[in-house]
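J.: next come a sequence and a model predicted from it.
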Amino acid sequence: DTGVSQDPRHKITKRGQNVTFRCDPISEHNRLYWYRQTLGQGPEFLTYFQNEAQLEKSRLLSDRFSAERPKGSFSTLEIQRTEQGDSAMYLCASSLGTSVGDTQYFGPGTRLTVL
Amino acid sequence: QQQVKQSPQSLIVQKGGISIINCAYENTAFDYFPWYQQFPGKGPALLIAIRPDVSEKKEGRFTISFNKSAKQFSLHIMDSQPGDSATYFCAATKGGYSTLTFGKGTMLLVSP
């Protein structure tokens, strides 16, 4: 089953360090989304790509966050100078992006803990 | 500003009973309403979804009821089973295949 995969699954870092997460979408999917989920909350949208173009960024995505999707394939999300408030589950999703209401398929997430 | 409000926060149902989760939205531009199911340690998975041009959609034991005038929609799980124990999220999008706005989730426990 070639679903959405994310790496690493868990990351523990010290405040002030930089971290990078990777997402591999379902191969034929054009759209790729990043969400953040904190304990007891629903996922919150961060940013999304149509192929390699980053089309929308949430106000949640501060200047310390950057995302890329080179060549429209995998995507990386980098957080610079991490803060304790960045501790969360970072979810990646992908979709075909070709029809109204197309399904977003989520990966298992990367759980970030900032000490 | 919370655009999708979900209740209850948690729910305990006996096996075989009906689980009901409610959501209300504010933005009339929303035009697609999916429900996601999430198990611990997993990402959310689409359960069932509805467009506002229908009032009800049923798939197996899961039914969405939609009230456009009240801007409310609900998930009904018939004959609830222990395997249904999970966190359920309602969500909404505008423009069809745009970003999802989620509710805060309902933790469902189905007791044997």
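T.: Yep, it's here. Residues are numbered from 1 along each chain as shown, chains lettered A, B, ... in the order given.

J.: for B:Gly41, give its distance to A:Thr110.
T.: B:Gly41 sits at a distance of 12 Å from A:Thr110 (criterion: C-beta to C-beta, to the nearest Å). Just so you know, the C-beta spots here come from the backbone N, C-alpha and C atoms, and that holds for glycine as well.

J.: now do A:Gln54
T.: Counting by C-beta to C-beta, the gap from A:Gln54 to A:Thr110 is 19 Å.

J.: more neighbours, these two?
T.: Taking neighbours as other C-beta atoms under 10 Å in any protein chain shown, A:Gln54 and A:Thr110 compare with A:Thr110 leading, 22 against 15.

J.: and chain B, which of its residues are near chain A?
T.: Neighbours of chain A within chain B, by C-beta under 8 Å from any C-beta of the partner chain: B:4, B:6, B:31-32, B:34, B:36, B:41-46, B:49, B:51, B:89, B:91, B:93, B:96-97, B:99-105.

J.: in strands only, show me those.
T.: Within the residues of chain B next to chain A, residues falling in strands by DSSP state E are B:4, B:6, B:31-32, B:34, B:36, B:45-46, B:49, B:89, B:91, B:93, B:101-102.

J.: filter those residues down to the buried ones.
T.: B:4, B:6, B:31-32, B:34, B:36, B:49, B:89, B:91, B:93, B:101-102 (16 or more other C-beta atoms under 10 Å in any protein chain shown).

J.: tell me which element the closest residue to A:His10 other than its chain neighbours falls in.
T.: In this structure, A:His10 finds its nearest non-sequential neighbour in A:Arg111, 5.0 Å apart by C-beta to C-beta, 6 or more residues apart in numbering or on different chains. According to DSSP states H and E, A:Arg111 maps onto strand A:110-114.

J.: other residues contacting that strand?
T.: Defining contact as C-beta atoms under 8 Å, 6 or more residues apart in numbering or on different chains, one finds that strand A:110-114 is touched by A:6-15, A:19, A:21, A:79, A:82-90.
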